[in-house]
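Participant: With the input below, show me the fold.
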Amino acid sequence: MAAGERKFWDLLAESHYERLVLTWVSAVLAILLVAFGIFLVRLAARPKQVVVVPGAVAVGVYSAGEMPASVVVDFARNFVVDLSNFTPASAENGFLSAARYMSPELLARFESPAREQLKQLVANRVSQFFTVSSYALEGRGPSVVRFLGEKITYVGKLETERIPYQFRISIRNVESTHENPYGLIVTGLEQGEVSVNEPRQPGAKPTVAAAVATPP
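Facilitator: Sure thing, here's the model as predicted:
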C-alpha cells in the first residue's frame, strides 16, 4: 500500500512539473507571436521605396542594367523635342534642358556654337518646330534612335522653311540621379535635312545633308 501511495505522489509531482514546463513554453510562444505580429504590422506600415522608370509602358520588375526599348525611345524623343522646338522666348530653356542630358564630350563640342546661334535666333525672332513622323531603334549598345519628320521655321510670324528633317541620337547608360532619373545620356547627335529626291533602295537610309552635333 505504501509503495502504491509513493508511486501516486510521484506521478502527481511529475504531472505538476510537466504542467509548469508547458505553461512556460506557452508563455514564451505567446510573447514571440506577439512580437512577430508587431514586427509584421510595422513592416506593412513602413513606406516602401518606389522606383519610377520614365516612359515605361507597364508596371514590372526590371533587372539591374536592363533598359526597356520604350524608355530609350521616349528619352531620345524628349531630348529632340527640347532641342528642336522653340520660340525666341523658350530657345535658351530648351537648350539647357537638352544640354543636361549630353555627355561631357558632346556638350564641349556643342555648347559654344549653340550659344552663339541662340543669340542670333533671339535677335532675329526665329522660331522652329519639328514634328516626328517615324522613328527607328537602330542599335542597342550603345543605343541609336533615328527620328524622321518635318522641320518648320518661322521668322516672326512668317513661315520661311518647311523641310523633311532627321535627328539621329546615340545614347548610353549611366547611373541614374535625381537630375537624370532615366540613367541615360546622349553621346552623339546627327541632324540635318533629308534628301527626298534621291532614289533609294528598299530599307536604305535617307541621305542627311548636315553636320554632326550642329545646333538647330
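Participant: What segments of this protein are helices?
Facilitator: 2-45, 69-84, 91-99, 104-123 (DSSP state H).
Participant: Show me what counts as buried in the shortest one.
Facilitator: Translated: helix 91-99. A91, E92, G94, F95, A98, A99 (16 or more other Cβ atoms under 10 Å). From N, CA and C alone the C-beta is placed, and that goes for glycine too.
Participant: Turn those into CSV, columns for distance to L32 and pLDDT.
Facilitator: Shown next, in CSV, are the buried residues of helix 91-99 (distance: Cβ to Cβ, whole Å; pLDDT from 0 to 100):
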residue, distance to L32, pLDDT
A91, 67, 90
E92, 64, 90
G94, 61, 90
F95, 63, 89
A98, 58, 91
A99, 58, 89
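Participant: returning to what we had before: of the helices of the chain, which stretch is the most buried?
Facilitator: helix 69-84 (a mean of 20; mean count of other Cβ atoms under 10 Å).
Participant: still on that earlier bit, indicate which one of the helices of the chain is closest to I163.
Facilitator: Closest to I163 of those, according to Cβ to Cβ: helix 69-84, at 12.5 Å.
Participant: Report the residue ranges of every domain in the protein.
Facilitator: Domain assignment for the chain by automatic domain parsing gives 1-48, 69-209.
Participant: buried stuff in stretch 155-168?
Facilitator: Under 16+ other Cβ under 10 Å, the buried positions of stretch 155-168 are Y165, Q166, F167, R168.
Participant: what angle do the lengthiest strand in the chain and helix 69-84 make?
Facilitator: The longest strand of the chain (DSSP state E) is strand 158-173. Interaxial angle, strand 158-173 versus helix 69-84 (axes from the mean of the first three to the mean of the last three Cα atoms, to 10 degrees): 140 degrees.
Participant: got the angle for strand 158-173 vs helix 104-123?
Facilitator: 160 degrees.
Participant: Paired strands for strand 158-173, with orientation please.
Facilitator: Using DSSP bridges, strand 158-173 pairs in its sheet with strand 143-155 (antiparallel), strand 184-194 (antiparallel).
Participant: Next, name the residue at the spatial heart of the chain.
Facilitator: Y182 (2.7 Å; Cα atoms, centre = their mean).
Participant: what's the closest non-adjacent residue to that residue?
Facilitator: F75 (4.9 Å; Cβ to Cβ, 6 or more residues apart in numbering).
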